[in-house]
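Trainee: Next comes the sequence, and after it the predicted model I'd like to discuss.
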Amino acid sequence: MSQIKPIKHWSRVMIDTSVIVDYTKNPARFDKNPGEKDRIEKVQQLINYLTSTAHLGESPMLLVSAISIAELSKLPESSSNIERVISLFSGADVTFVDFTASIAASIPLLFDTILPDGQKFQWLKQLEQDLKFEGISWARQWVSDDLKIIASAHAQRRKLDALISSDTKVFAQLATKLGLPLVQPSKIPTNPSGSIDVDVTFEGI
């Protein structure tokens, strides 16, 4: 578990596909699911803050993987979602991170460093089985895409203040195993007014 510096001091942040999807949702439609509504509201507060001049007068660099854009294009209402994302990012400092050959080649090496010999494929297979048990039929593609995004984040890790994801399944497991500064919106502290607290250090996942 890593210590995350105060949000107001972030200068380089990578956001996962799940965060972008949450940003496009209407929290009022989730009144019957307070946990999900709270997460969506925190995502929207966070992204609005990071893309505004309230962030110490200068927006941080937001990194978005090319894999995330590809994932968004496959979702229902993809055109309207992408248009909203483009509108959101039009005034922000955004860098789209290509999934390069060198990043692809790093994936097996990353897992060789955190899993004993022979356990890499066993662990990934178990992860896929767990997802299928929850009714997710595209488990292999989900794991593959998350691996690609996390490998892209790992390539930026020395300068990365936070890797933000709403995914508590695959993405969280992979990112924490690699020691990345993972932030889940639901865990972001709030101030007495109920808004996200940008002034405090807090624990990542």
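Mentor: Everything's here; your move.

Trainee: where along this structure do the strands fall?
Mentor: Secondary structure of the chain (DSSP state E): strands located at 3-4, 12-15, 61-65, 93-97, 162-164, 182-183, 202-203.

Trainee: Now do the fifth one: everything it contacts.
Mentor: When contacts are taken as C-beta atoms under 8 Å, 6 or more residues apart in numbering, the neighbours of strand 162-164 outside the stretch itself are 4, 7, 10, 13-16, 19, 46, 150, 153, 175, 180-185, 204. C-beta coordinates here come from the backbone N, C-alpha and C atoms, glycine included.

Trainee: Would you mind listing which of those are buried?
Mentor: Neighbour-count burial (16 or more other C-beta atoms under 10 Å) is assigned, among the contacts of strand 162-164, to 4, 7, 10, 13-16, 19, 46, 150, 153, 175, 180-185, 204.

Trainee: circling back to that earlier point, how about the strands of the chain in a markdown table, adding mean pLDDT?
Mentor: Below are these laid out as a markdown table (pLDDT from 0 to 100):
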| stretch | mean pLDDT |
| --- | --- |
| strand 3-4 | 92 |
| strand 12-15 | 94 |
| strand 61-65 | 90 |
| strand 93-97 | 84 |
| strand 162-164 | 96 |
| strand 182-183 | 96 |
| strand 202-203 | 90 |
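
Trainee: could I get the ones you listed as JSON lines with distance to Lys37?
Mentor: Formatted as JSON lines, those follow (distance: least, C-beta to C-beta, whole Å):
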{"stretch": "strand 3-4", "distance to Lys37": "23"}
{"stretch": "strand 12-15", "distance to Lys37": "20"}
{"stretch": "strand 61-65", "distance to Lys37": "24"}
{"stretch": "strand 93-97", "distance to Lys37": "27"}
{"stretch": "strand 162-164", "distance to Lys37": "18"}
{"stretch": "strand 182-183", "distance to Lys37": "19"}
{"stretch": "strand 202-203", "distance to Lys37": "21"}
